[in-house]
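[1] got a predicted structure here, sequence first:
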Amino acid sequence: MSQYIADLALLCGVFIILAVSLNLINGICGQFSLGHAGFWAVGAYSAAAYSVYFAPPILDSLNLLIACGIGFISAALAGVLIGVPCLRLRGDYLAIATLGFGEIIRIFIMNMDSIGGPRGFTGIPKWSNLFWVYLWVVITIVFVVNLLRGTHGRAIISIREDEIAADSMGIYTFKYKTMAFVIGAGFAGVAGALFAHDSQFLHPNGFTFMWSVIILLMIILGGLGSVTGSVIGAVILTILPELLRFFGDTVSEWRMVIYSLLLIILMLWRPGGIFGKHEISLPFFGKKEKA
Amino acid sequence: MSEETTFFFYDLATYLLNGITQGSVYALVALGYTMVYGIIKLINFAHGEFYMIGAFVGFYCIAAGMPLWMAFPCAMIGSGLVAITVERIVYRPIRYAGRIPALITALGTSLLFQYAGQNIIGADPKAFPKVTDFENQTYKFGELYISTNQIVIISTTFILMVFLYWLVNHTRTGKAMRATSFDKNAAELMGIDTNKIISFTFFLGASLAGAAGVLVGMYYNSVEPMMGLIPGLKAFVAAVLGGIGIIPGAVLGGLVLGIAENLVVGFWVSTYRDAIAFGILILILLFKPSGLLGKNTKEKV
């Protein structure tokens, strides 16, 4: 039982990284991306390829750190390749283009035989543990929050508020959009690396469009633009399927139906998510800051 | 002409024929996308699901013993009614909330139909029943094979498109549709019931998609709840390719996409079939975002 809870906590951590990184792109920069599962897959597969084919016999945790770095760099590179052409588009067109790229990434992985292709990638060592996952969770959150408080962050937020106005105030919007996109993609790659070394098995069908939507639902549930909100959204949506399992198999099978209903209802009644753009913080923990 | 060249041309003709068949299905679905986008600027992700619903209504009608000429309109009306209901319950309240919330809602609706369908009907593909008053034969011209199914798909699509052209350009309702898509507020001031027109547009688009669903069910002989996902996305690509919001553009885009896909699959690799459509989408969005037939518009403050 405690093993089960530890596994669940580890998965929570992976999804927190994914949700916070997608929130940087979607909620904070306002660039609507539907291809996050693609970056997740790039990170997972490249990190797994490192640890299966190239890893030298050194300390496991050091190897994991290198794998995470490789996951970050490769997913960030994919982010540059996809972001530079796509970020010239806006709104719904950007959403569809990133969706398309996410699927293309999956199809390419499917056709690469050296990393398993349609059979799946096996034999990945189990290096992830709670400590490393939550260390990366902390790094991600601290990085994103600090980014937001600085000049770059203000510029990124201004793009969400009004891109044309930001442009005319002299902000180089394309640079900041790409920056947010690439950083978000990179952290999704780290989440992929951690996930690969936890599950020890990767399959291209584990990174479908459905997962992009689930990560999106996490940040919408918590509130687009709220880092704490996306953490809570990620935790809720990782634990919810496990709770639904207690109500029997039928309820568990209806999981995606419940998610999609949740998505529609949230949009109809509370389009800003539970916390909107606000951050929650305890009063004695630090003074409340207006984002 | 040497023998090899002859075979090359027969191959080419076969791929073109398959491409036109598949392309006309994409075009039928893309028409609904383009009409809905033209009128309320919503990318209706759930459009592929109307296609799936049409296929299933047709499936159950034929399984219940209806002849094809009755099952076909039933499927069209069935998916049209579902579309009207979805528009009334989900899309109308969200219409003024902005484009991204509307997009997310459409995404949710699409997933809802897919997974509810999987749970209610079952995820396994079902064999489309044999239509008794319709015989599938293959005709041979040299080395080129044409099946009755292909002729039926292409001719039905053609008839429906002519009907749509007449409806949009030569009737009162069509004029109201064009007026609503041109300027919704002004149309309302002129006494057009825009809500009704939007409902009607959804009905029309979904019934065309439903027709495409039945045709595909007959062609591939199987229907399943997830069948709308990929054709829905590809039809969207077709609509963007031709210029979204432009009705002839959807037809052109559908045909171009279908032919391109079959040529690449036929002459090159088949495993990248689904990547082609997205590749085309990204190229068109980068080089001519308004589509093949579209005009450029600049975003204003």
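    Received, thanks. Numbers count the residues shown, from 1 in each chain, chains lettered A, B, ... in the order given.
[2] centre of the chain to the helix or strand encompassing A:Ile159, how far?
    Under the criterion of DSSP states H and E, A:Ile159 resides in helix A:151-161. Its chain's C-alpha centre and that of helix A:151-161 lie 20 Å apart, by CA atoms, centre = their mean, to the nearest Å.
[3] helices and strands around that helix, which ones?
    For helix A:151-161, the packing partners by 3 or more CB pairs under 8 Å, 6 or more residues apart in numbering or on different chains; DSSP states H and E come out as helix A:130-149, helix A:163-168, helix A:173-199. All C-beta atoms are positioned from the backbone trio N, CA, C, and that covers glycine.
[4] could I get those as JSON lines with mean neighbour count, mean pLDDT and distance to B:Pro129?
    As requested, those are arranged in JSON lines below (neighbours: other CB atoms under 10 Å in any protein chain shown; pLDDT from 0 to 100; distance: least, CB to CB, whole Å):
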{"stretch": "helix A:130-149", "mean neighbour count": "17", "mean pLDDT": "92", "distance to B:Pro129": "52"}
{"stretch": "helix A:163-168", "mean neighbour count": "15", "mean pLDDT": "90", "distance to B:Pro129": "53"}
{"stretch": "helix A:173-199", "mean neighbour count": "26", "mean pLDDT": "93", "distance to B:Pro129": "42"}
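[5] tabulate the ones you listed (CSV), appending distance to chain B.
    Formatted as CSV, these follow (distance: least, CB to the nearest CB, whole Å):
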stretch, distance to chain B
helix A:130-149, 20
helix A:163-168, 5
helix A:173-199, 13
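[6] of all those, which one is nearest A:Val213?
    A:Val213 lies closest, by CB to CB, to one member of these: helix A:173-199, at 14.6 Å.
[7] spatially, what comes nearest to B:Phe245 if we skip its sequence neighbours?
    In this structure residue B:245 is Gly, not Phe. B:Gly38 (3.7 Å; CB to CB, 6 or more residues apart in numbering or on different chains).
[8] picking up where we left off before, out of the helices and strands packed on helix A:151-161, flag the one nearest B:Asp183.
    Across the helices and strands packed on helix A:151-161, B:Asp183 has its closest neighbour in helix A:163-168 (22.5 Å, CB to CB).
[9] where's residue 264, which helix or strand?
    In the absence of a named chain, this looks at chain A. Using DSSP H and E, A:Ile264 maps to helix A:255-269.
[10] can you look at chain B instead?
    Counting by DSSP H and E, B:Val264 is found in helix B:247-267.
[11] which helices and strands sit right next to the helix holding A:Ile264?
    Against helix A:255-269 (3+ CB pairs under 8 Å, 6+ apart) you get helix A:209-222, helix A:227-245, helix B:92-94, helix B:99-120.
[12] give the buried residues for the helix or strand just after the second one.
    The first helix or strand that comes after helix A:227-245 along the chain, using DSSP H and E, is helix A:249-253. When burial is assessed from 16 or more other CB atoms under 10 Å in any protein chain shown, helix A:249-253 yields no buried residues.
[13] just the C-alphas of the helix or strand hosting A:Gln3, formatted as CSV.
    Using DSSP H and E, A:Gln3 sits within helix A:2-23. Only the C-alpha atoms of helix A:2-23 are listed here, as CSV (Å, rounded to 0.1, in the frame of the first residue of the first chain):
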residue,chain,number,x,y,z
SER,A,2,2.7,2.4,0.9
GLN,A,3,4.5,1.5,-2.4
TYR,A,4,1.3,2.3,-4.2
ILE,A,5,1.1,5.7,-2.5
ALA,A,6,4.7,6.4,-3.3
ASP,A,7,4.1,5.6,-7.0
LEU,A,8,1.1,7.8,-7.1
ALA,A,9,3.1,10.7,-5.4
LEU,A,10,5.8,10.2,-8.0
LEU,A,11,3.3,10.4,-10.9
CYS,A,12,1.8,13.5,-9.2
GLY,A,13,5.2,15.1,-9.3
VAL,A,14,5.7,14.4,-13.1
PHE,A,15,2.3,15.9,-13.8
ILE,A,16,3.0,18.9,-11.7
ILE,A,17,6.0,19.6,-13.8
LEU,A,18,4.0,19.1,-17.0
ALA,A,19,1.1,21.3,-15.8
VAL,A,20,3.4,24.2,-14.6
SER,A,21,5.4,24.1,-17.9
LEU,A,22,2.2,24.1,-20.0
ASN,A,23,0.9,26.9,-17.8
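[14] list the buried residues in the helix holding A:Ile264.
    Residues of helix A:255-269 classed as buried: A:255-264, A:266-268 (neighbour count, 16+ other CB under 10 Å).
[15] burial of B:Thr6, as a residue count?
    Residues lying near B:Thr6 (other CB atoms under 10 Å in any protein chain shown) number 12.
[16] where does it land on pLDDT?
    Listed pLDDT for B:Thr6 reads 82.
[17] so where's the stretch 151-291 of chain A uncertain?
    For the stretch 151-291 of chain A, the stretches flagged by pLDDT under 70 are A:276-278, A:280-291.
[18] looking at the helices and strands packed on helix A:255-269, which is buried most?
    Per-residue neighbour counts averaged over each of the helices and strands packed on helix A:255-269 give the maximum for helix A:209-222, namely a mean of 25 (mean count of other CB atoms under 10 Å in any protein chain shown).
[19] and the contacts of that one?
    With CB atoms under 8 Å, 6 or more residues apart in numbering or on different chains as the test, helix A:209-222 has contacts from A:15, A:18-19, A:22-23, A:26-27, A:34-38, A:40, A:99, A:102-103, A:228-234, A:236-237, A:256, A:259, A:262-263, A:266-267, A:273-275, B:104, B:107, B:111.
[20] with stretch A:15-26 instead?
    A:31-33, A:36, A:40, A:136-137, A:140-141, A:144, A:147, A:156, A:180-181, A:183-188, A:190-191, A:194, A:215-216, A:218-219, A:222, A:224-227, A:229-231, A:233-235, A:237-238.
[21] 6 Å instead, please
    Stretch A:15-26 is contacted from outside by A:31-33, A:36, A:137, A:140-141, A:144, A:180-181, A:184, A:187-188, A:191, A:215, A:218-219, A:227, A:230-231, A:233-234, A:238, using CB atoms under 6 Å, 6 or more residues apart in numbering or on different chains.
[22] and what of stretch A:44-53?
    Everything outside stretch A:44-53 that qualifies as a contact, by CB under 6 Å, 6+ apart, is A:67, A:70-71, A:74, A:109, A:115, A:121, A:123-125, A:192-193, A:195-196, A:202.
[23] repeat the analysis, applying 8 Å as the threshold.
    Outside stretch A:44-53, the residues that reach it (CB under 8 Å, 6+ apart) are A:63-64, A:66-68, A:70-71, A:74-75, A:109, A:114-115, A:121, A:123-125, A:127, A:189, A:192-193, A:195-197, A:202, A:207.
[24] from those, list just the buried residues.
    Buried residues within the contacts of stretch A:44-53, counting neighbours by 16+ other CB under 10 Å: A:63-64, A:66-68, A:70-71, A:74-75, A:109, A:115, A:121, A:124-125, A:127, A:189, A:192-193, A:195-197, A:202, A:207.
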